[in-house]
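Chemist: I would like the atomic coordinates for the input below:
(one chain, ligands or ions: 1)
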Amino acid sequence: MLKKTTGIVLRNRPHLDADLIVTYLTPCCGVLSLYAKSPRKVGSRFGSSLEPLTYARIGYFGKEQAALPRLTQSDIVKPFSILREDTTAFIRISEALELTLRLLPEREPNRTAFPLLLNLLASLEQEPGNPLHLTFYKLRLLSIAGFAPRVGRCTRCGKTAGRFYFSDGSTLCSACAGPAGGFMELSPPVQSVYNYLLRTGPETVKRLRLTDEVLAGLEALINSHINYTVVGRLNTREFAEGLRSL
Ligand SMILES: [Zn+2]
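Modeler: Residues are numbered from 1 along each chain as shown. Predicted coordinates for the structure are as follows:
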């Protein structure tokens, strides 16, 4: 059965000699992997539309439960090639794409993740130097997947609490936490910005001006929580650290 949707390419991987497995984030079916036959041949109808970050209109053919439906059509809506050509920006975005692949199950319909990613790419194209766009994306993706840190109140007794415990994924007061280690202190501004970003729309991110200290605190909370919660470290971060150490 032929199906049509739109999707953003999260990654593509070689398959057999000349084929690719292309994984999309779609509004209809969440993360969706499709098989593309000979896309690297000269004159392939797919052209450059299978590159990561490409937003495309796609058609695919396969039975309802087929392991790997076949991609039959791919027309670029927006290439986002500027983001792909900037190596530093692309490494950062790749980390967000990998997080998406790890947090969202394949073929589970998800209407909020797709517009979130589309907004991230459009925002980064407009404001490539604003680090808050990526942090906002990660924070909201964690929330969609049910892994967002809970911040501001002790999750055991409800009292105000500023220490975030990685093992609980939440702030705890000193009485409830006891001698447990593995925490980071969150300043009141970091806590309020975090809770604000959890509720607000993406358009407010452009208007928000944070001090370097608050931004660093927010990034530390999100990235440390991801490192603790999402099994293993994200490969792209290791890759980026490897590049820095050269
Ligand atoms: Zn408590």
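
Chemist: could you report the pLDDT at A113?
Modeler: With respect to pLDDT, A113 scores 96.

Chemist: skipping adjacent residues, who's closest to it in space?
Modeler: Counting by CB to CB, 6 or more residues apart in numbering, the nearest residue to A113 once its immediate chain neighbours are dropped is I144, at 5.5 Å. For every residue, glycine as well, the C-beta is placed using N, CA and C.

Chemist: name the element the most centrally placed residue in the chain belongs to?
Modeler: Centroid check for the chain by CA atoms, centre = their mean gives A96 as the closest residue, at 3.5 Å. According to DSSP states H and E, A96 maps onto helix 87-103.

Chemist: that helix packs against which elements?
Modeler: Judged by 3 or more CB pairs under 8 Å, 6 or more residues apart in numbering; DSSP states H and E, the packing partners of helix 87-103 are strand 2-15, helix 81-85, helix 113-126, helix 132-144, helix 235-244.

Chemist: out of those, which one sits most buried?
Modeler: helix 132-144 (a mean of 21; mean count of other CB atoms under 10 Å).

Chemist: about what we covered before: let's have the helices and strands packed on helix 87-103 in TSV, adding distance to A216.
Modeler: As requested, the helices and strands packed on helix 87-103 are arranged in TSV below (distance: least, CB to CB, whole Å):
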stretch	distance to A216
strand 2-15	28
helix 81-85	24
helix 113-126	20
helix 132-144	10
helix 235-244	16
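
Chemist: possible to save these as CSV with distance to the ion?
Modeler: Output for the helices and strands packed on helix 87-103, formatted as CSV (distance: least, CB to the ion, whole Å):
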stretch, distance to the ion
strand 2-15, 39
helix 81-85, 43
helix 113-126, 32
helix 132-144, 23
helix 235-244, 32
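
Chemist: for T204, find the nearest of the ones you listed.
Modeler: Minimum separation from T204 across the helices and strands packed on helix 87-103 (CB to CB) falls at helix 132-144, 9.4 Å.

Chemist: what's the angle between the closest one and helix 113-126?
Modeler: Here helix 132-144 runs at 170 degrees with respect to helix 113-126, directions being taken by axes from the mean of the first three to the mean of the last three CA atoms, to 10 degrees.

Chemist: just give the nearest non-adjacent residue to I76, would you?
Modeler: S49 is the one closest to I76 (CB to CB, 6+ apart), at 4.9 Å.

Chemist: same check, this time on P27
Modeler: Going by CB to CB, 6+ apart, P27 has F114 as its nearest residue, at 4.2 Å.

Chemist: got the residues of the chain near the ion?
Modeler: 154, 156-157, 173, 176 (CB under 5 Å from the ion).

Chemist: my read: Y55 touches Y24, true?
Modeler: No: the pair Y55 / Y24 is not scored as a contact, 9.7 Å apart, by CB atoms under 8 Å.

Chemist: between the two, which one's more packed in?
Modeler: The neighbour comparison of Y55 against Y24 (other CB atoms under 10 Å) goes to Y24, with 27 against 21.

Chemist: how about the contacts made by that one?
Modeler: 7-10, 31-34, 58 (CB atoms under 8 Å, 6 or more residues apart in numbering).

Chemist: same check, this time on R156
Modeler: 172-173, 176.

Chemist: just to be sure, it is in a strand?
Modeler: No: counting by DSSP: H, G, I helix; E, B strand; the rest coil, R156 is not part of a strand but coil.

Chemist: neighbours around E203, how many?
Modeler: Per other CB under 10 Å, the neighbour tally for E203 reads 9.

Chemist: helix, strand or coil for it?
Modeler: Assignment for E203 (three-state DSSP): helix.

Chemist: who's in contact with it?
Modeler: Here E203 is in contact with no residues (criterion: CB under 8 Å, 6+ apart).
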